[in-house]
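*Asks:* got a predicted structure here, sequence first:
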Amino acid sequence: MSGAGGSDHRSGDWFVNTIIAVIVGLVVAVVVVGASILIDRHSAPGIEIVHHQPVAPKVHISGAVATPGAYSLPANARLADAIAAGGGLSASADPSGINLAARVGDGERIVIPAIEESDPSAADATRTGPGMININTATAGELELLPGIGPVLAGRIVDDRESNGPFLAVDGLTRVDGISASTVDEVRDLVTIDE
């Protein structure tokens with residue numbers, strides 16, 4: 001009886017010892033892993049956050065500005081900054097088509113548009129009377145100055161004149177495809193057929 005009881009006691013001790021060994025093993029493993037993490041944190045370089053500074057752009061501004069040229073602008077510059085660097089808009093500038101709030105990029109070329117000025121002397125070259133355009137000698141570009149006459153109709157007038165000879169009367173414009181009597185009435189006081 002005592003032999004059997006001793007055997008149970010020994011197997012119980014073995015079981016308890018095994019449990020204790022497993023727990024001790026787990027504690028040692030946790031301590032070793034925790035220590036290695038702490039060592040790695042102190043020995044390994046940390047993550048470095050690098051802040052990139054915005055680029056200060058250099059631009060070439062030309063056109064209708066007071067002082068065209070290449071200028072260095074502050075970071076995150078806008079078109080208004082580029083114009084200010086160029087001395088501001090000139091008197092001939094046409095600001096209607098520009099966006100002053102647009103960002104500018106490094107190396108960008110900016111051309112500020114100017115208001116187009118018509119050359120009245122060029123239009124007067126084929127006029128025989130004050131303000132009159134000679135429909136028998138005017139170029140297509142000059143005919144386009146007339147109300148209701150665009151590039152297509154101006155070209156047709158020139159083509160018709162070359163094919164059929166000069167117009168003998170202002171009303172003769174109706175022989176051109178696309179020109180109605182009302183269009184002729186609209187331009188009647190602006191054109192002539194006299195040489």
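*Replies:* It's in.

*Asks:* okay, now the domains of this protein?
*Replies:* Using automatic domain parsing, the domain parsing of the chain gives 1-44, 58-112, 120-192.

*Asks:* for the residue nearest the centre of the chain, what are phi and psi?
*Replies:* By C-alpha atoms, centre = their mean, the chain has its centre lying nearest to Ala102, at 8.2 Å. The phi and psi values for Ala102, taken as degrees, to the nearest 10, are phi -70, psi 140.

*Asks:* Ala140 now?
*Replies:* phi -60, psi -40.

*Asks:* measure it to Asp160 for me?
*Replies:* Ala140 sits at a distance of 12 Å from Asp160 (criterion: C-beta to C-beta, to the nearest Å). Every C-beta, even on glycine, is put in place using the N, C-alpha and C of the backbone.

*Asks:* ok, Ala181 next?
*Replies:* According to C-beta to C-beta, Ala181 stands 16 Å off from Asp160.

*Asks:* now do Ser180
*Replies:* Separation of Ser180 from Asp160 (C-beta to C-beta) stands at 15 Å.

*Asks:* can you count the residues close to Ala84?
*Replies:* Neighbours of Ala84 under the rule other C-beta atoms under 10 Å: 17.
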